[in-house]
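# A structural model of the following input is requested.
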Amino acid sequence: MKGYLDAVNRGLEASRWPITCLQFAPNDPRQNPIEDVWLQGKRFVREVHSLCQSFRTVKGLFEFATQGQLFQLLKVFMYGSFS
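Predicted coordinates for the structure are as follows:
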C-alpha cells in the first residue's frame, strides 16, 4: 500500500496528494465508517432471526440486507471533505 501511494502521489506535498490513506481504529464504531454498514446488516438479521435455521441462512440474510444498498456514511466527513 505504501509503495502504491508513493507512486501515485509522486513526492507531492501532502496537501496536494490525489490519494490519501487514513487509518481508522479497526473496530471502533465511533471512527470507522464501515462499522455502520455492519451494524445495519446485523440489525436486519436480528429482526428476522426466527428465519435463521443455519449459518447459510444468516449469511444470505446479511447479504440481502447489505447488497445494492446505498449507505450514508456520515462519519467519513469527520476526516475532511470528499467530493
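# okay, CA-based contacts and neighbour counts for the rest of this
Fine.
# Could you measure from the residue nearest the centre of the chain over to residue 48?
Central residue of the chain (C-alpha atoms, centre = their mean): residue 34, 2.4 Å from the mean position. From residue 34 over to residue 48 the distance is 22 Å, taken as C-alpha to C-alpha, to the nearest Å.
# again with residue 23
Per C-alpha to C-alpha, residue 23 is found 34 Å from residue 48.
# between those two, which one's more packed in?
Per other C-alpha atoms under 10 Å, whichever of residue 23 and residue 48 has more neighbours is residue 48, with 11 against 8.
# hmm, back to that, which residue, other than its chain neighbours, is closest to the residue nearest to the centre of the chain?
residue 73 (7.8 Å; C-alpha to C-alpha, 6 or more residues apart in numbering).
# surely residue 73 meets residue 36?
Yes. When contacts are counted by C-alpha atoms under 8 Å, residue 73 is listed as touching residue 36 (7.2 Å).
# ok, these two, which is more surrounded?
Neighbours per residue (other C-alpha under 10 Å) separate residue 73 from residue 36, with residue 36 holding more: 18 against 13.
# any weak-confidence spans in the protein?
76, 79-83 (pLDDT under 70).
# list the helices and strands the longest helix seen in it packs on?
The longest helix of the chain (DSSP state H) is helix 34-47. Judged by 3 or more C-alpha pairs under 8 Å, 6 or more residues apart in numbering; DSSP states H and E, helix 34-47 is in contact with helix 55-66.
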